[in-house]
Structure formats: C-alpha cells, structure tokens
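>>> Next one to model:
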Amino acid sequence: MQYANLGRTNLRLSALGLGTVQLGMAYSWGQQPPPPENRAISLIRRALELGINYIDTAAAYGRSESLVRRACSGLRCRPVIATKLSIRRTDSAQLLTGPALRQSVEQSLRQSLQTLGVDVLELVQLHSLDTRFATPELLDLLAQYCQRGWVRYWGVTTYGQEAPLDALAHPELIYALQIPYSALDRRMERQVIPRAQAQGTGVVLRSIFLQGVLSHRLASLPAALAGLPPLAAPLLRLAEDAGMDLAELALRFAVFASGAHSAIFGTTSTAELEANIRAVEAGPLSPDLVAAVRTIEVADSTLLNPGNWRVSTP
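The predicted structure follows:
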C-alpha cells in the first residue's frame with residue numbers, strides 16, 4: 001500500500017480509504033441493509049490489517065462512528081479517522097447562520113468526539129456543499145474550534161465546482177477536499193484538482209465506482225437506471241481487452257491517474273475489500289490504457305450524479 005501526506009497536513013493517508021456509510025445504514029440505489037455489527041467490525045479490522053489507515057465516517061451514517069470506535073479499540077497505531085457535520089438547516093438547502101450555526105456545529109463535534117472516543121477530531125469535513133459557503137462567520141467559527149483543540153484540520157465534501165473553488169480560496173482553514181471522481185467523471189480535473197495541487201490542499205476522491213456502476217453490479221442495475229450501462233460500456237470493453245474486470249480498471253485509474261492523495265470506497269464484503277487492495281498493489285494502468293480512458297466522454301453529465309437517479313426503494 002502506498003501512503004502520502006494529505007496536502008499540507010501531517011496526516012499520512014493510505015492510497016485507499018474505507019468509507020463506512022454502507023456499514024452503518026442502508027445506502028445506494030439498492031438500499032441494502034447494513035451487515036450485522038460483528039461482521040462490519042471485522043471488515044474494518046481486516047482493512048486495517050491490510051494497510052488501509054484512513055477511515056471515512058459521519059454521525060449521519062447511522063451507527064458508523066460507533067462501529068469505527070469499536071473496531072479501533074485497543075489498537076497501538078490508530079488510523080486517521082475523518083468525520084463530517086452539516087451546516088445546512090434540516091431538510092433544506094439553506095445554510096445555518098448565527099446562534100443556530102454555532103449550536104449545530106458544537107453539538108455535532110461533541111457527539112463525534114464522544115462516539116469515536118477521541119480527544120481531538122483529526123479531520124472534520126463540512127458535508128455535501130454545492131454552493132459558496134465560506135462566510136466570515138463560519139470561518140471564524142472553524143478557527144475557534146481549532147484553537148480550542150477540538151479539531152485538528154477542517155475539510156469539505158462537495159459537489160460541482162462552485163463549493164470546492166470557494167474552499168480553495170481559504171487554505172488557511174480548509175486543508176482538504178473530498179470530491180466525486182471516476183474514470184467517467186473527470187470534471188474536477190479542469191480547475192479543482194490543479195488548484196488544490198498548486199496550493200497544497202489535500203484531495204480525497206469518492207464515487208470512484210459510481211455507486212457500483214463501474215463494477216460487477218453493472219449487470220444488476222434496476223430498470224429505472226437503464227441509461228447507465230451504455231455509459232460504462234466503453235470502459236467495460238477497455239477492461240476486457242486489458243484482461244481485467246471493470247472495477248479494477250476504474251480503481252487503478254482513479255487512484256493513480258487523478259493526482260489525488262487518497263480514494264475512498266465502501267463495501268460490505270471482505271472479498272471486495274481484498275480485491276480492491278490487490279488492484280492498487282498492481283500499480284498504475286499503462287499509459288496507453290490511461291489515454292484510452294481519457295477519450296471517453298459522457299454527453300449528459302447529470303447522469304454522473306447519483307442524486308439525479310430516480311429509483312423506487314422497497
């Protein structure tokens with residue numbers, strides 16, 4: 001497993017990070033229930049044994065923070081744990097302000113500190129931002145919690161370009177971006193990733209498998225998502241010609257061709273976990289294969305956002 005410092009921080013992350021939303025709650029278009037707690041804890045521990053040292057969680061992910069605490073209990077070398085909090089009003093796109101903002105942030109931080117059983121949160125990410133958000137009031141609040149020793153580094157998880165570009169305008173407080181990126185969705189390469197690299201801001205990728213579309217799950221998509229397999233078909237052909245499965249191609253492209261510091265994935269399967277680690281250990285794709293992937297363009301970019309998918313759930 002390769003490791004790299006997350007931008008200007010002193011957090012050294014594995015090339016692969018483990019996302020835990022699927023371990024804590026029903027998730028994705030399949031809305032499969034999470035595994036039993038003992039199995040989820042075993043999976044986290046297996047990831048750590050195999051060299052993953054970066055765990056992505058959130059209080060909003062059901063029981064995920066609690067599972068991470070139990071899985072990491074007693075470890076001599078603890079992983080880097082990143083959690084999240086929202087600065088939006090409940091069930092609204094409107095950002096919190098004033099006393100409501102302070103109360104929400106402090107309550108979220110207290111809860112995560114307690115649930116994770118730590119004295120300081122190494123990386124806290126403002127979650128699911130898609131517009132400008134960095135008001136003087138918010139930035140002052142973030143600085144205060146660093147000064148109080150509750151948070152070591154702040155980051156953001158974003159959609160689109162407006163929010164990450166806003167975050168990059170404040171490198172004195174926001175040290176890391178978590179952005180969607182995959183072999184099909186390379187839009188963040190245009191402005192966001194180059195700017196982050198230029199100023200030393202950490203970059204973490206998510207949605208590298210596009211919620212399973214770029215994996216063996218492609219064959220079992222529901223009829224409501226019938227527009228997605230044609231998007232993945234050119235990648236599938238490239239993978240088959242190269243003698244690998246679609247998931248391996250998608251993973252190796254994202255990890256090595258993006259310029260990111262780490263890429264997170266979620267799974268409830270130990271077999272998938274081990275396959276992903278083997279794929280990363282195989283190293284970068286050939287330059288010719290990388291170039292071939294880059295020729296593939298998606299005409300309708302709205303299809304690349306799972307938030308736009310409409311699937312009936314049980």
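>>> what about residue 123, which SS state?
strand (DSSP: H, G, I helix; E, B strand; the rest coil).
>>> who's in contact with it?
6, 9, 11, 80-83, 152-155, 175-176 (Cβ atoms under 8 Å, 6 or more residues apart in numbering). For the C-beta atoms, the positions are set from N, CA and C on the backbone; glycine is no exception.
>>> Repeat the analysis, applying 10 Å as the threshold.
6, 9, 11, 13, 54, 56, 80-84, 151-155, 175-176, 178, 202, 204 (Cβ atoms under 10 Å, 6 or more residues apart in numbering).
>>> Look up how far residue 146 lies from it.
12 Å (Cβ to Cβ, to the nearest Å).
>>> joint contacts of these two?
With Cβ under 10 Å, 6+ apart, residue 123 and residue 146 have common neighbours 152-154.
>>> any idea which of the residues you listed is closest to residue 109?
Ranked by distance to residue 109 (Cβ to Cβ), the shared contacts of residue 123 and residue 146 are led by residue 154 at 11.1 Å.
>>> Low-confidence regions, the stretch 1-150 of the chain specifically.
29-30 (pLDDT under 70).
>>> Spell out, range by range, the helices that occur in it.
In the stretch 1-150 of the chain, the helices defined using DSSP state H, counting those that start in this stretch lie at 21-24, 37-49, 64-72, 98-116, 136-147.
>>> And those helices: which comes nearest residue 127?
helix 98-116 (9.7 Å).
>>> Measure how far the closest one is from the centre of its chain, please.
The gap between the average C-alpha position of helix 98-116 and the chain average comes to 21 Å, counting by Cα atoms, centre = their mean, to the nearest Å.
>>> for it, which positions count as buried?
101, 104-106, 108-109, 112-113, 115-116 (16 or more other Cβ atoms under 10 Å).
>>> And the contacts of residue 123, which of them are buried?
6, 9, 11, 13, 54, 56, 80-84, 151-155, 175-176, 178, 202, 204.
>>> Among those, which ones are in strands?
13, 54, 56, 80-84, 151-155, 175-176, 178, 202, 204 (DSSP state E).
>>> got the helices of the stretch 1-150 of the chain as JSON lines, with distance to residue 189 columns?
Listed next are these as JSON lines, based on distance: least, Cβ to Cβ, whole Å:
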{"stretch": "helix 21-24", "distance to residue 189": "25"}
{"stretch": "helix 37-49", "distance to residue 189": "28"}
{"stretch": "helix 64-72", "distance to residue 189": "30"}
{"stretch": "helix 98-116", "distance to residue 189": "32"}
{"stretch": "helix 136-147", "distance to residue 189": "27"}
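>>> Compare the ones you listed and give me the one nearest residue 164.
Closest of the helices of the stretch 1-150 of the chain to residue 164 is helix 136-147, at 15.6 Å (criterion: Cβ to Cβ).
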